[in-house]
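# Pasted the sequence and its predicted model underneath.
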Amino acid sequence: MPTPPDMTADVAPGVLDTLQHQVAVFARRAEQTRLGGVGRVANSMDRAAYLLLNRLDQEGPMGVKALAAGMGIDSSTVTRQVAPLVDTGLVKRTSHPEDGRAVVLQLSPRGKARLEEVRASRRELMALCTDGWTEDERAAFTTLLSRFNSALSEVHSTVPQVPPTS
């Protein structure tokens, strides 16, 4: 297999070292708090549930395959993650209007209310974390973080993953 080109040649190693370290620290902090928000809602919804509910809210009802494709995960993972959301009434399973055999997932009214409660708590956490930042700084950070997440997603979808050697 050919070796990928060295993309680091034009960037000072110290910058990339600091960046990778800060991303690792961020990942640890995010996992510690699950970025769950503040108050009674803190840590009350896991990341998978939040991302699934958020996608259904933003894009509307859809099948498992479409949901999985949009999230970059496989259908079996979505099925496993959706099951407790259906059991707790946050997501409804309905039949596809054109193909009664196909299942469509949609956010229930209870799921919409719960999602908004969690979003409000997370907004409060983001406000606390960026207290003292200007709106321009918040916007710039949001733009750069969105760009970074998009690039990371692109890398994971196009670069073959090499299994670790033992």
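Structure received.

# how deep is Ser75 tucked in, by neighbour count?
Neighbour count of Ser75, defined by other CB atoms under 10 Å: 14. For every residue, glycine as well, the C-beta is placed using N, CA and C.

# in which helix or strand would I find the nearest residue to it once chain neighbours are set aside?
Using CB to CB, 6 or more residues apart in numbering and skipping residues adjacent in sequence, the residue nearest Ser75 is Ala68, 4.5 Å away. When secondary structure is defined by DSSP states H and E, Ala68 falls within helix 64-71.

# Could you do Arg147 as well?
Using DSSP H and E, Arg147 falls in helix 135-158.

# For that helix, list the C-alpha coordinates in PDB.
Only the C-alpha atoms of helix 135-158 are listed here, as PDB (Å, rounded to 0.1, in the frame of the first residue of the first chain):
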ATOM      1  CA  GLU A 135     -19.700  37.100  20.500                       C
ATOM      2  CA  ASP A 136     -17.000  37.200  17.800                       C
ATOM      3  CA  GLU A 137     -14.800  34.900  19.700                       C
ATOM      4  CA  ARG A 138     -17.700  32.400  20.300                       C
ATOM      5  CA  ALA A 139     -18.600  32.600  16.600                       C
ATOM      6  CA  ALA A 140     -15.000  32.100  15.500                       C
ATOM      7  CA  PHE A 141     -14.500  29.100  17.800                       C
ATOM      8  CA  THR A 142     -17.800  27.600  16.600                       C
ATOM      9  CA  THR A 143     -16.700  28.100  13.000                       C
ATOM     10  CA  LEU A 144     -13.300  26.500  13.500                       C
ATOM     11  CA  LEU A 145     -14.700  23.600  15.600                       C
ATOM     12  CA  SER A 146     -17.300  22.900  13.000                       C
ATOM     13  CA  ARG A 147     -14.600  23.000  10.300                       C
ATOM     14  CA  PHE A 148     -12.400  20.700  12.400                       C
ATOM     15  CA  ASN A 149     -15.200  18.200  12.900                       C
ATOM     16  CA  SER A 150     -16.100  18.200   9.200                       C
ATOM     17  CA  ALA A 151     -12.400  17.500   8.300                       C
ATOM     18  CA  LEU A 152     -12.200  14.800  10.900                       C
ATOM     19  CA  SER A 153     -15.300  13.200   9.500                       C
ATOM     20  CA  GLU A 154     -14.000  13.400   6.000                       C
ATOM     21  CA  VAL A 155     -10.700  11.800   7.000                       C
ATOM     22  CA  HIS A 156     -12.500   8.900   8.700                       C
ATOM     23  CA  SER A 157     -14.600   8.400   5.600                       C
ATOM     24  CA  THR A 158     -11.900   8.500   3.000                       C
END
